[in-house]
Structure formats: C-alpha cells, structure tokens
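Visitor: sequence plus the predicted model coming up.
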Amino acid sequence: MVETAAPAPVVQKYCTVQPRVVPELRPGLGLARERAILNVGSKWVNGTHIHYAFLDGTGGGRGKAQLDQVRDAFRAWKDLGIGLEFEEVESPAMAEVRIAFEDDGSWSYVGRDALTIGGGQATMNFGWDVTSTWGRATSLHETGHSLGLEHEHQNPNAGIRWNEEAVYASLAAPPNNWTREETFHNILRKLSKDEVTGSVWDALSIMEYPFEPGLILEPEKYGREGLQGGLTLSATDKEMVRAWYPPLTVGPTALQPGASAPLDLSSGGQADFGLQPGETRAYDIGSFGKSDVVMVVFEDVGGELRYLAGEDDSGTEANARLNVRLVGGRRYVLRVRLYSVYGGGPTAVMYW
C-alpha cells in the first residue's frame with residue numbers, strides 16, 4: 001500500500017490576537033498567586049450577561065448573512081450549556097463586545113480585556129467573508145477569544161518546533177503580509193505556562209491555526225503533511241469552556257446581613273450568594289482572609305441578573321470591598337470567583 005499524505009491546508013488569512021492586558025503584579029507575590037491571577041484574569045465571572053453590538057449593520061457591505069453568522073457563533077458556544085448569556089443590543093455604548101467588519105484582518109481582544117477598550121471602539125473585527133467554511137470557523141474562533149480562549153498553537157505544551165525563517169517568509173507574503181513582529185506575536189511566541197488553562201495541546205481545536213507543510217519541524221507529521229486546524233468546536237474546546245462556565249443549575253446560598261459565609265473553592269472556582277436586604281440603604285460587601293477574588297453584585301430583575309458593581313482585589317494585600325445601595329425586599333446575587341488562597345486561615349464573604 002502506498003501511503004499518501006493528507007491534503008495540505010490552503011494558505012489562509014490568519015486572525016491576530018490583540019495584546020493581552022496583563023496586570024502589573026508586585027514583586028514577591030509568590031508563584032502560585034501569580035499563576036492563578038494570570039490564568040483566571042481574562043475569564044468572565046460565570047453567569048455574566050455579555051452584550052454585543054455590531055458597529056456596521058451592513059456586515060462590511062457583505063450583507064445580513066455576515067451578521068447572522070456571528071450570531072450563530074455565539075449561539076454555538078451557548079448551546080453547549082455554558083453559564084454565560086449573549087445578548088445582541090443596538091447601542092454600542094451598552095455592549096461589552098463591539099464588532100466591526102473593517103478591512104483590517106480578523107482579530108479579537110481576549111475575554112475581560114474587552115472591558116479596558118473605550119466605548120465605541122471595536123473589540124472584535126472580521127476582515128473577510130465569514131459565510132464560507134473557513135469564515136464560519138473564523139467566527140467561532142474570534143468569539144472563542146471573546147470568552148477568554150487563547151491560540152492553541154501557542155500553548156507551551158504543544159511541543160511544536162518551528163522552521164522559523166520559513167514561517168516568517170510564509171506570513172510576510174499575501175494574503176497576510178505580516179511583519180516579523182506580528183508573526184512572532186501570533187505564531188512563534190509561546191504563552192507562559194501561567195496563562196494557559198489546559199495541559200494538553202489540541203490540534204483539532206477551533207483555536208488552532210492550519211499550517212501548510214514545511215513550517216513545522218517537530219512533530220514531523222505536521223511538517224510533512226501540514227496541520228489542518230479546527231473548523232468546528234472540538235471535544236476539548238467543549239470540555240474546557242464547560243469547565244470554566246458550567247451550567248448555572250444551583251440557586252445561590254442565602255446570605256444574611258452581618259453573617260459571613262465561607263469560600264470553600266479551588267482556584268478558578270465560583271460561588272453565588274443570595275442577598276435580600278430588609279431595608280433600603282448603602283451596604284458594604286466584602287471578602288475576608290488571605291485570598292485573591294473577583295466579586296460582582298447583580299440585581300435580579302424578572303429573572304435577569306443586571307450588573308451593579310464589581311471589584312477585583314487580585315495581587316493586593318487588601319480584600320475586595322464594595323459599597324452599594326440596595327433596595328429593601330429586592331433580590332440580589334453576589335458572585336465570587338476565586339483566583340487563589342495564600343497563607344493560612346479561613347476565607348469568607350459578608351455584607352453589612
């Protein structure tokens with residue numbers, strides 16, 4: 001039998017990921033705390049209601065089918081049963097994710113980094129037709145970035161050894177026309193082990209690029225045959241996103257004013273606490289103990305959780321503190337995601 005190689009991937013336009021907003025961590029935090037902060041920091045608090053808006057209702061002049069494909073991509077992630085909600089809104093000022101169709105390549109900010117971008121500016125862009133097979137994969141890929149997922153080929157556990165000059169030459173040519181700096185940032189640069197969630201490289205991931213033969217030295221198979229990349233959500237994609245955003249099936253633990261509740265969580269874990277104050281006034285809400293957390297308060301309006309306030313104390317010695325006016329008799333949810341616990345002693349949350 002004559003062995004035949006898999007068909008080589010067609011040279012494609014590639015997505016560029018925007019620079020991560022990495023927090024400035026003070027020296028001496030400790031390796032475990034640093035890793036937890038970098039790993040969790042780009043992820044949304046599970047249960048977040050993410051609003052997205054199109055900055056160009058014509059899909060870059062390509063028509064409504066472009067908008068529908070992006071809508072379908074968000075729906076594909078949601079249909080996995082994850083705890084995030086996605087809602088399209090008309091006003092970009094009301095959206096955390098703002099989508100453009102400029103001739104500027106395809107790219108996205110990663111997860112909560114979108115919150116650092118000024119209102120009215122795009123946080124995601126589609127620079128080519130997203131209704132083709134490759135375009136549909138692009139829409140899943142970019143929306144995956146918006147959930148906090150990174151490029152899979154930059155996983156430090158991938159074990160890829162590149163033919164670096166061949167990579168630079170390939171990406172410098174059309175259709176990408178990248179500089180060496182862009183190629184390094186998006187292809188050759190390995191993510192820190194502190195920034196990745198999983199430990200295994202998934203060559204079928206929707207976050208994996210395809211590569212033509214000759215660009216990879218090891219594993220030899222991909223150098224010889226090329227790397228096809230993912231065109232849809234892989235089993236590992238589904239597993240990882242469900243791990244970060246599991247279904248919200250358990251109601252919040254009731255929290256009474258002045259009574260603390262323990263945070264019995266592992267790194268990346270999350271807990272909900274129900275607040276129903278008896279009087280209308282400003283309340284202090286805070287965490288206690290040697291922990292790094294992100295803490296968000298929502299108001300329950302007809303079953304929809306609407307964001308009121310949030311605080312991220314990661315990397316500091318201070319605990320998270322909020323002062324929020326709550327209305328007596330209304331229902332609120334305090335949602336806490338733990339980065340890490342350092343030192344000894346219990347950790348808890350309370351409002352008073």
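Guide: Perfect, I can see it now.
Visitor: lowest-confidence helix or strand of this protein?
Guide: In the chain, the helix or strand scored least confidently by mean pLDDT, DSSP states H and E is helix 31-40, which has a mean of 66.
Visitor: how about the helix or strand that that helix is followed by: buried residues?
Guide: The element immediately downstream of helix 31-40 (helix or strand, assigned by DSSP states H and E) is strand 49-54. Buried residues in strand 49-54, counting neighbours by 16 or more other Cβ atoms under 10 Å, are found at I50, H51, Y52, A53, F54. In short, each C-beta sits where N, CA and C put it, glycine included.
Visitor: before we move on, what about stretch 245-258?
Guide: Y245, L248, P252, L255.
Visitor: likewise for stretch 322-339?
Guide: Buried, per 16+ other Cβ under 10 Å, within stretch 322-339: L322, V324, L326, R331, Y332, V333, L334, R335, V336, R337, L338, Y339.
Visitor: same check on stretch 266-286?
Guide: Under the neighbour-count rule (16+ other Cβ under 10 Å), stretch 266-286 has S267, G268, Q270, A271, D272, F273, L275, P277, Y283, I285, G286 buried.
Visitor: closest to G230 out of the residues you listed?
Guide: The shortest approach to G230 among the buried residues of stretch 266-286 belongs to G268, at 23.9 Å (Cβ to Cβ).
Visitor: and the residue nearest the centre of this structure?
Guide: What sits nearest the mean C-alpha location of the chain, by Cα atoms, centre = their mean, is G148, with 1.1 Å.
Visitor: just the pLDDT for that residue.
Guide: pLDDT for G148: 90.
Visitor: so what's it closest to, chain neighbours aside?
Guide: G111 (3.1 Å; Cβ to Cβ, 6 or more residues apart in numbering).
Visitor: buried ones in stretch 145-154?
Guide: Neighbour counts over stretch 145-154 (16+ other Cβ under 10 Å) mark H145, S146, L147, G148, L149, E150, H151, E152, H153, Q154 as buried.
Visitor: report the two of those residues separated the most.
Guide: S146 and H153 (19.0 Å).
Visitor: can you put the buried residues of strand 49-54 in JSON lines and add pLDDT and distance to G41?
Guide: JSON lines is the format used below for these (pLDDT from 0 to 100; distance: Cβ to Cβ, whole Å):
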{"residue": "I50", "pLDDT": "94", "distance to G41": "17"}
{"residue": "H51", "pLDDT": "95", "distance to G41": "21"}
{"residue": "Y52", "pLDDT": "97", "distance to G41": "21"}
{"residue": "A53", "pLDDT": "97", "distance to G41": "24"}
{"residue": "F54", "pLDDT": "97", "distance to G41": "27"}
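Visitor: same list (the residues you listed) but as a markdown table, adding distance to F101.
Guide: Putting the buried residues of strand 49-54 into a markdown table (distance: Cβ to Cβ, whole Å) gives the following:
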| residue | distance to F101 |
| --- | --- |
| I50 | 19 |
| H51 | 18 |
| Y52 | 13 |
| A53 | 13 |
| F54 | 8 |
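Visitor: ok, these vs A158, which is closest?
Guide: I50 (28.7 Å).
Visitor: so that closest one makes contact with F86?
Guide: Yes - I50 is within contact range of F86, at 5.4 Å (criterion: Cβ atoms under 8 Å).
Visitor: neighbours of N155, how many?
Guide: By other Cβ atoms under 10 Å, the residues close to N155 number 24.
Visitor: try V297
Guide: 23.
Visitor: show me the contacts for the residue nearest to it when sequence neighbours are not counted.
Guide: Distances taken as Cβ to Cβ, 6+ apart put L308 closest to V297, at 4.6 Å, once the chain neighbours are dropped. Contacts for L308 were tallied using Cβ atoms under 8 Å, 6 or more residues apart in numbering; they are V297, F298, E299, V324, Y332.
Visitor: can we see that at 7 Å?
Guide: Shown in contact with L308 (Cβ atoms under 7 Å, 6 or more residues apart in numbering): V297, F298, E299, V324.
Visitor: and what of D264?
Guide: D264 touches nothing, counting by Cβ under 7 Å, 6+ apart.
Visitor: thanks again, I'm all set now.
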